[in-house]
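Novice: below are the sequence and a predicted model for it; my questions follow.
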Amino acid sequence: MNDIAAGLRPAVQSSRPKTAARVGIGGPVGSGKTALLEQLIPRFLRRGTDLAVITNDIATKEDAERVRRSGLIAPERVLAVETGACPHSAIREDPTLNMQSADELDRRYPGLELILIESGGDNLASSFSLDLVDHWLFVIDVAGGDDIPRKRGLGVMSCDLLVINKTDLAPYVRCDLPRMVREANEVRGARPVLLTNCQTGEGVDAIVDHIAREVLFDR
């Protein structure tokens, strides 16, 4: 199947039962979503998880091509969606293109267990439609400012798991990381917050454990 290009189509429910769990990865531009994806893929594959990936970009297939070239996963298991508009339009307002891509992966790989759906970079208000995903992560980074949790953006407040990335940069960007974590926990209540450095992989195992426990049920 060719990569799905953008187009205005009415939102539809999947015509097939979902066999693979669908986990969204969203967040602002440059927060480290693709870097996180590249750390998650080998960890899930080592666990024996049958995995595929969907990436979203406005008018290119840049992230999909990066993942395909990485050698981390078979290139045919990576599909690209060109949203043609703000990335949140294809993960929230009208997730049809992503739903169709996920359905195609389900058909192509009958034993598929997990589809990771990366959104294109967006703002703090972006969120995933629950028609599209079963669970979603929102990635922010310390370079974006330690006041991000206090701004109470929809992504920070609504995601199932908040990831604070690039923790190693905190001393260099005048980020009060303990305060950032404390305020993130305050605004999110009991919902989890995890810290990562996706360049080194620090903290990523905890995200894998979270998804395995909350989404895959350690199957």
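Specialist: Nice, thanks for sending it over. No experiment lies behind these values; they were computed from the predicted model shown. Numbers count the residues shown, from 1 in each chain.
Novice: now the residue most central in space within the chain, what's its secondary structure?
Specialist: Among the residues of the chain, the one closest to the centroid is Ile25, at 1.0 Å (CA atoms, centre = their mean). Assigned with DSSP: H, G, I helix; E, B strand; the rest coil, Ile25 falls in the strand class.
Novice: do the same with the one 3 residues further on
Specialist: Secondary structure assignment for Pro28 (three-state DSSP): coil.
Novice: that one: neighbour count?
Specialist: 20 (other CB atoms under 10 Å). (C-beta placed from N, C-alpha, C; glycine too.)
Novice: can you list phi and psi of it for me?
Specialist: phi -60, psi 160 (degrees, to the nearest 10).
Novice: for the residue lying closest to Val139 once chain neighbours are set aside, what are its contacts?
Specialist: Distance criterion CB to CB, 6 or more residues apart in numbering; nearest residue to Val139, sequence neighbours excluded, is Gly27 at 3.5 Å. Shown in contact with Gly27 (CB atoms under 8 Å, 6 or more residues apart in numbering): 33, 119, 121-122, 126, 137-140, 155, 163.
Novice: how about Leu161?
Specialist: By CB under 8 Å, 6+ apart, Leu161 lies in contact with 135-138, 191-194, 207, 210.
Novice: what are the bridge partners for the residue nearest to the centre of the chain, then?
Specialist: Counting by DSSP bridges, Ile25 is bridged to Glu118, Leu137.
Novice: correct me, but it touches Val139?
Specialist: Yes. Using CB atoms under 8 Å, Ile25 is in contact with Val139, at 6.6 Å.
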